[in-house]
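> Generate coordinates for the sequence data below:
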Amino acid sequence: MKKTITLLTLLISFCGFSQEKSTSVTSEEPAKINLAKFGTLYYDKELESDMLKIKTGAMKLSKYNPQDIPEFVAIYNSLYTKSASIVKQMPVHIAALKKYCNLYQIQRKNMSQTNISAWSKAIKSATPIREAMQKIIMDDHYGDMSFYPTLKYEGIQEDFDLYYNASLNIVGL
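Numbering: from 1, shown residues only. As a prediction, the model looks like this:
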């Protein structure tokens with residue numbers, strides 16, 4: 001961008017036009033200076049893009065209007081806080097669902113009706129957590145393909161999804 005403006009300035013001055021107000025101003029530099037307070041700016045070679053690393057992930061700067069980035073940073077930080085509070089509830093449900101999945105592997109068709117109904121209750125109590133996490137990931141802005149959230153809780157989410165989906169398939173809810 002700087003090269004283009006500099007070349008245009010040289011071309012204008014070469015053609016004999018007035019040069020009194022031709023200064024090379026780029027719109028990228030003020031945005032980077034302002035964005036530095038939100039996180040660390042870096043270039044990702046794999047994505048071939050300038051990135052902004054924030055507390056909750058990384059944003060591909062070419063996909064955002066520089067004036068809107070503060071708003072998106074606030075949105076992603078609040079979504080991360082919401083997802084962290086949901087993930088903190090998952091280990092209890094993971095333990096219950098894992099218990100019944102392991103019991104099923106041992107007993108198969110000989111599981112008691114009491115265990116099956118308790119397993120169904122465990123699945124139903126885990127469903128709101130699953131729906132809340134899916135809402136954040138898909139419906140809210142985490143579905144944005146230019147935002148890469150920090151995967152701090154990825155292992156817990158994977159375990160929860162594994163036992164939840166296995167339980168749904170086995171019990172048939």
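> isn't there a helix covering I94?
Yes. Checked against DSSP: H, G, I helix; E, B strand; the rest coil, I94 lies within a helix.
> what about the spatially most central residue of the chain, distance to L97?
With distances taken as CA atoms, centre = their mean, the residue of the chain nearest its centroid is P149 (3.2 Å). As judged by CB to CB, to the nearest Å, P149 and L97 stand 24 Å apart. In this view, the C-beta of every residue, glycine as well, is placed from N, C-alpha and C.
> cool, I156 as well?
For I156 relative to L97 (CB to CB), the value is 13 Å.
> between the two, which one's more packed in?
Neighbour totals were compared for I156 and L97, and L97 leads with 25 against 14 (other CB atoms under 10 Å).
> tell me the contacts of the closest residue to Y153 other than its chain neighbours?
Of all residues not flanking Y153 in the chain, V87 sits nearest, at 4.2 Å (CB to CB, 6 or more residues apart in numbering). In this structure, V87 makes contact with 133, 153, 156-157, judged by CB atoms under 8 Å, 6 or more residues apart in numbering.
> This completes my enquiry, with thanks.
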